[in-house]
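Novice: Here is my input; please provide its structure:
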Amino acid sequence: MDFLTDFSSTWSNPQMRHAVLVHMPIALSMLAAPVALLAALAGGRFATLRWITVGLLLLLAGSGFLAKQSGELAEETVEGALSEEGEHVLEEHEELAEWVWIFGLATAFVAGLGFFARAPRRRNPAPPARAANAGADARNESMAGREARNESAAAGQPVAPAKGSRPTPRLQVGSAWAAALLALFTAGWVANTAHHGGKLVYEFGVITGSRVPAPASAPASEDAADPRVAHFRERVYPVLTEICAECHNPDGMRKAGRFDVATMATILKGGRSGAVLVPGKPEESRLYEAVTWENEELQMPPPEKLSDEAIEAIRAWIASGAVWAPPE
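Specialist: The predicted structure is shown next:
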C-alpha cells in the first residue's frame, strides 16, 4: 500500500509525471534507430525486423505526445522562476518537443510502406497448348542451370539468381532505408530535446518533483525592531557577502554550481543541483547541509569550515523564516 500511495503522490505531481514520461521517447528512439538500420541492411527482407521497427516507432510517437502534454502542465509550476536565458532554453525545449511525436509517427508510416510492396512478375505463364513441352523444357533448363551455377561457384565466379527466385521489391528496400535514415534523424532530434531539458534542470535549477516555496515571511527591511533583522544583518549577511559570494556571485555562477547569493530571489532559485533553501526548515535546506560539512560530497565553503557560531547563525536564520533585510 505504501508503494501505491507513493506512486499516486508522485504521479499527481506534474513535474514528477513529466520526469517519468520524458524518458520513454528517449529510450524508444535509441532502440528504434538501430533496429531500423538492421532492417535496411537486410534489404527489408525480414518482416519481423520491419514489424519491430514500426512497433517501436508507434510507441515513440505515443510516448512523445504524452511527454509533450505533461511538459505543458509542468511548465506552469516554473512560470516566473527562470532567468531570461532560462526562459529562452525552455522555449526551445518546447519547440523541439512539439515535433518528437510527429517524427515518430511519420517514420512509422514510412517503415510500414514496405508491407504493401509486391515482387514484380517475371513473365506470363506458357499457353495451354505448350504446357507439356514447356514443363519438360523447364525441368531440363532447371537442371542445366543448377549445374552451371555449381560450376560457377566452384570457380569462384558470381552466381546468377535462379529464375524462380522472387526479387526484393524496390518499394520494400526504399522504405526500409528511408525509415532507417528518418529513425536516426529522430533519435538525434530527441537527444537534442533531452539536452535542452537537462540544461533546464542542471544549469537553471528547474527542480523535478517540487516547487521552491516562497519565503515564510516577507522581507523585513523596514522593520528594524524585528530581532530577525538584526540577526540577519549582524551574523548572516556578512557570511554570505564576505565568504559565500567570493564564488557564488553572478560572474562565477558557471563554476560555482549556478548558485548566486546576491539576492533572496537568486538564493530561492537554487543552483545546478536544485533548491538550496527551504525557509523555516534548515534540515531540508542544502545551504545548511553544506556549511555543516556532514555530507562529505557537499562541504562549503572550501577549504575551511565555518565556525560553529556562524553555522548556528545560519541555522537560526533559516529556522526563523530566512528573512532578507540587507543593510541600507
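
Novice: need the helices for the stretch 51-200 of the chain, in chain order.
Specialist: Taking DSSP state H, counting those that start in this stretch as the criterion, the stretch 51-200 of the chain carries its helices at 84-112, 131-154, 170-202.

Novice: Give me the buried positions along the first one.
Specialist: It stands for helix 84-112. 86, 89-90, 93, 96-97, 99-101, 103-112 (16 or more other C-beta atoms under 10 Å). In this view, the C-beta of every residue, glycine as well, is placed from N, C-alpha and C.

Novice: Least confident of the helices of the stretch 51-200 of the chain, on average?
Specialist: Note on these: lowest mean pLDDT is at helix 131-154, with a mean of 55.

Novice: Isn't L56 up against L31?
Specialist: Yes. Counting by C-beta atoms under 8 Å, L56 does reach L31; the two are 5.5 Å apart.

Novice: more crowded one of the two?
Specialist: L56 (24 against 18; other C-beta atoms under 10 Å).

Novice: what's the more buried one in contact with, if anything?
Specialist: L56 makes contacts with 28, 31-32, 35, as judged by C-beta atoms under 8 Å, 6 or more residues apart in numbering.

Novice: With E284 instead?
Specialist: Applying C-beta under 8 Å, 6+ apart, we find E284 in contact with V278.

Novice: that older thread, possible to save the helices of the stretch 51-200 of the chain as a markdown table with distance to P279?
Specialist: As requested, those are exported to a markdown table (distance: least, C-beta to C-beta, whole Å):
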| stretch | distance to P279 |
| --- | --- |
| helix 84-112 | 22 |
| helix 131-154 | 82 |
| helix 170-202 | 22 |
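
Novice: closest one to R233 among these?
Specialist: helix 84-112 (30.6 Å; C-beta to C-beta).

Novice: tell me which strands and helices that closest one is in contact with?
Specialist: helix 23-41, helix 47-75, helix 170-202 (3 or more C-beta pairs under 8 Å, 6 or more residues apart in numbering; DSSP states H and E).

Novice: Quick one: work out the angle between the last one and helix 23-41.
Specialist: For the pair helix 170-202 and helix 23-41, the angle between their directions (axes from the mean of the first three to the mean of the last three C-alpha atoms, to 10 degrees) equals 150 degrees.

Novice: Looking at the next helix-or-strand element following helix 170-202 now, give me its mean pLDDT.
Specialist: Where DSSP states H and E defines the elements, the next helix or strand beyond helix 170-202 is helix 227-231. What helix 227-231 shows for mean pLDDT is 89.
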